[in-house]
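[1] Make a model of this:
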Amino acid sequence: MIPDHKKRGKTARFATTCFISTVLISSVLTFGLETAASATGSTISEAATFPNFNEAPGLQTLAINPQNAGDLVVFESQIHSTSIIVTGVSAPGTGTWHLAERFVDLLNNVITEEIWWAVATSAGSSTISVSYSGSVASISPELVADSFTTAEPSTWSLVANNGTSAMATTAITLPNLTSNSDANQVYWGYVESTQTAASGNTLGFAYSPVNTGNLLVSNDLLGTNTSFAPTATDSPTGNNTSSAVIFAAVPTVDFNGNGSTSGSMSPENANSSTALTTNTFTKTGSTFDGWNTAADGSGTTYADDAVYPFTSATTLYAQWAGVYYNVSFDGNGATGGSMSPENANTSTALTTNTFTKTGYTFSGWNTAANGSGTSYAGGANYPFTAATILYAQWTATSYKATSYKVTFAANGATRGKMSAETHSAPAALNNNVYTRTGYTFSGWNTTAKGSGTKYANRARYAFKAGVTLYAQWTVVVPVPHVSSVLGSVVVGESRLVTIDGTGFSSRSHVTSNEPGSAVRLIYASATRLSLLVTVRVGSRLGKYTFTITAASRKTWTINYVTT
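    Sure, this is the predicted structure:
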């Protein structure tokens with residue numbers, strides 16, 4: 001067994017095994033003083049400034065001073081009454097308080113002992129406030145607080161609890177509690193003795209044979225699956241009560257996005273080897289490449305969902321790798337040669353062309369086979385921010401001595417003028433400058449009605465024959481807009497509701513969204529809709545809605561008032 005190594009005094013703290021007694025009210029209370037830690041390996045230690053205690057008639061508060069956020073705070077209330085219990089505990093700078101143990105001494109019928117616990121959410125001075133089920137004005141509650149901290153971030157949980165009482169015995173035995181398989185646990189117990197606590201124990205638990213007193217003990221080196229019950233003796237024979245609990249500090253793994261642009265992950269807690277939580281962080285332009293105990297990747301590496309031993313707490317930093325994109329090369333009519341895709345994640349020179357085409361020379365690359373997309377010269381840099389296919393562009397090695405003309409027809413344009421374009425080799429068409437009121441330019445076609453060959457604006461033309469290209473136009477459908485809704489409807493009646501705006505038409509359609517109401521369109525123009533709205537008797541008062549669907553399929557939801 002691991003010996004108990006923590007003993008406390010009510011008014012002083014020493015790294016020795018001496019003891020001190022303090023007289024409070026009508027009883028003399030003796031607590032063991034703290035000794036130096038005698039073992040290594042545990043991450044739990046008692047926080048400085050603890051334990052704290054007080055006893056006074058009607059006492060309902062106790063000053064504490066948690067050292068760190070995340071510390072375990074233990075609170076003991078002892079009342080010489082079996083009918084009054086603690087109904088609530090609170091303290092600024094702590095989380096929710098939980099009842100760990102309530103022991104009522106029915107054997108001696110004189111005392112109730114309770115142990116409560118919480119986790120500190122911030123460091124610094126605070127005050128525990130206690131609520132009781134009855135008045136304690138004529139009683140002297142004894143309040144005790146203790147606190148424990150861990151070297152690494154942990155989550156606290158209650159493992160075991162119990163209480164016992166004895167009458168006319170020389171033995172002081174705290175409850176026999178068994179720890180679980182967690183690596184780091186603390187046993188905390190409290191004894192009220194009506195006689196002197198004498199020396200003599202089986203687990204390194206010692207008390208000076210001085211005045212009558214109450215005893216406080218903890219063991220923060222408790223082993224896994226350990227049965228633990230500190231003992232001492234009374235001298236002379238006397239009554240005693242005791243209660244105790246075991247808490248576990250479970251290591252925490254925190255996840256750091258390490259430059260991520262989205263996502264969040266909660267800490268993970270476990271007391272044995274467990275798979276890590278699946279990564280949910282993302283980073284624009286990068287792919288997740290696992291975890292590392294160092295942000296720069298120089299520590300221990302863990303794959304996504306890898307098993308972590310959880311023998312200690314740590315922070316795992318997401319590791320990121322650049323996203324690689326493929327550029328594929330298409331010969332676009334080539335008669336010889338082949339090229340493999342190129343893969344990169346930064347701006348890189350394109351692979352040198354190896355395609356050939358009889359009677360033609362290579363003139364560069366384009367994202368469209370007909371040359372209407374983005375052009376890249378041979379060996380030019382490509383950003384590799386997206387995958388694409390690049391099509392080889394070809395220029396004939398010989399042409400006729402006379403050149404060919406392309407004429408641009410306005411085809412209904414209301415503004416603009418374009419001269420004919422003449423070349424003897426493939427070239428990009430001139431940029432369109434025609435405009436047409438109420439329309440947008442959508443490209444060129446070899447027929448006015450658009451039934452011939454299509455060419456995009458600035459598309460590449462072979463100039464092997466003359467042609468007239470006709471501008472193609474797409475009508476601009478006006479976007480309706482609601483500017484006002486006039487009128488309200490009385491429940492049980494029909495009223496006219498008028499909607500003013502723009503972009504309406506006689507083909508507008510209106511539907512009601514409310515049970516008990518009906519809407520009928522009685523007039524429609526480009527700027528106004530008139531509706532006959534009927535609300536059935538018994539319908540609710542307030543705001544109703546209906547939906548307008550325009551000829552363009554655009555919809556709006558409109559509010560109107562019923563009274």
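[2] Tell me how many other residues crowd G124.
    Using other C-beta atoms under 10 Å, G124 is surrounded by 12 other residues. Glycine gets a C-beta too; all of them are placed from N, C-alpha and C.
[3] same thing with A248?
    24.
[4] pretty sure it contacts S181?
    No. A248 lies out of contact with S181 (C-beta atoms under 8 Å); the separation is 9.1 Å.
[5] W394 contacts N353, correct?
    No. Counting by C-beta under 8 Å, W394 does not reach N353; the two are 10.8 Å apart.
[6] what sits in contact with each of these two?
    F362 (C-beta atoms under 8 Å, 6 or more residues apart in numbering).
[7] can you give me the strands for the stretch 301-450 of the chain?
    Counting by DSSP state E, counting those that start in this stretch, the stretch 301-450 of the chain has strands at residues 301-302, 307-308, 314-322, 325-330, 342-344, 348-349, 360-366, 375-376, 381-382, 388-396, 404-409, 421-423, 427-428, 439-445.
[8] In CSV, list the ones you listed along with mean neighbour count.
    Converted to CSV, the strands of the stretch 301-450 of the chain look like this (neighbours: other C-beta atoms under 10 Å):
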stretch, mean neighbour count
strand 301-302, 16
strand 307-308, 16
strand 314-322, 20
strand 325-330, 17
strand 342-344, 15
strand 348-349, 13
strand 360-366, 19
strand 375-376, 18
strand 381-382, 16
strand 388-396, 20
strand 404-409, 17
strand 421-423, 15
strand 427-428, 16
strand 439-445, 18
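[9] what would those strands look like in a markdown table with distance to N214 and mean pLDDT?
    Converted to a markdown table, the strands of the stretch 301-450 of the chain look like this (distance: least, C-beta to C-beta, whole Å; pLDDT from 0 to 100):
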| stretch | distance to N214 | mean pLDDT |
| --- | --- | --- |
| strand 301-302 | 49 | 94 |
| strand 307-308 | 43 | 90 |
| strand 314-322 | 41 | 90 |
| strand 325-330 | 73 | 92 |
| strand 342-344 | 74 | 88 |
| strand 348-349 | 77 | 92 |
| strand 360-366 | 88 | 94 |
| strand 375-376 | 86 | 94 |
| strand 381-382 | 80 | 92 |
| strand 388-396 | 80 | 94 |
| strand 404-409 | 104 | 93 |
| strand 421-423 | 104 | 92 |
| strand 427-428 | 96 | 94 |
| strand 439-445 | 90 | 94 |
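[10] can those strands go into JSON lines with extra columns for distance to T511?
    As requested, those are exported to JSON lines (distance: least, C-beta to C-beta, whole Å):
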{"stretch": "strand 301-302", "distance to T511": "57"}
{"stretch": "strand 307-308", "distance to T511": "57"}
{"stretch": "strand 314-322", "distance to T511": "50"}
{"stretch": "strand 325-330", "distance to T511": "47"}
{"stretch": "strand 342-344", "distance to T511": "54"}
{"stretch": "strand 348-349", "distance to T511": "56"}
{"stretch": "strand 360-366", "distance to T511": "49"}
{"stretch": "strand 375-376", "distance to T511": "51"}
{"stretch": "strand 381-382", "distance to T511": "52"}
{"stretch": "strand 388-396", "distance to T511": "45"}
{"stretch": "strand 404-409", "distance to T511": "45"}
{"stretch": "strand 421-423", "distance to T511": "53"}
{"stretch": "strand 427-428", "distance to T511": "50"}
{"stretch": "strand 439-445", "distance to T511": "31"}
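[11] quick one: which of those is nearest T194?
    strand 314-322 (49.1 Å; C-beta to C-beta).
[12] what's the pLDDT at S42?
    Note on S42: pLDDT of 49.
[13] try the one 10 residues further on
    Reading off the per-residue confidence, N52 sits at a pLDDT of 89.
[14] Where is the longest strand in the chain?
    strand 231-256 (DSSP state E).
[15] Not counting its own residues, what contacts the helix or strand just after that one?
    Next along the chain after strand 231-256, taking DSSP states H and E as the criterion, comes strand 268-269. Residues outside strand 268-269 that contact it (C-beta under 8 Å, 6+ apart) are S154, T155, V250, P251, T252, V253, F255, T274, L276, T277, F310.
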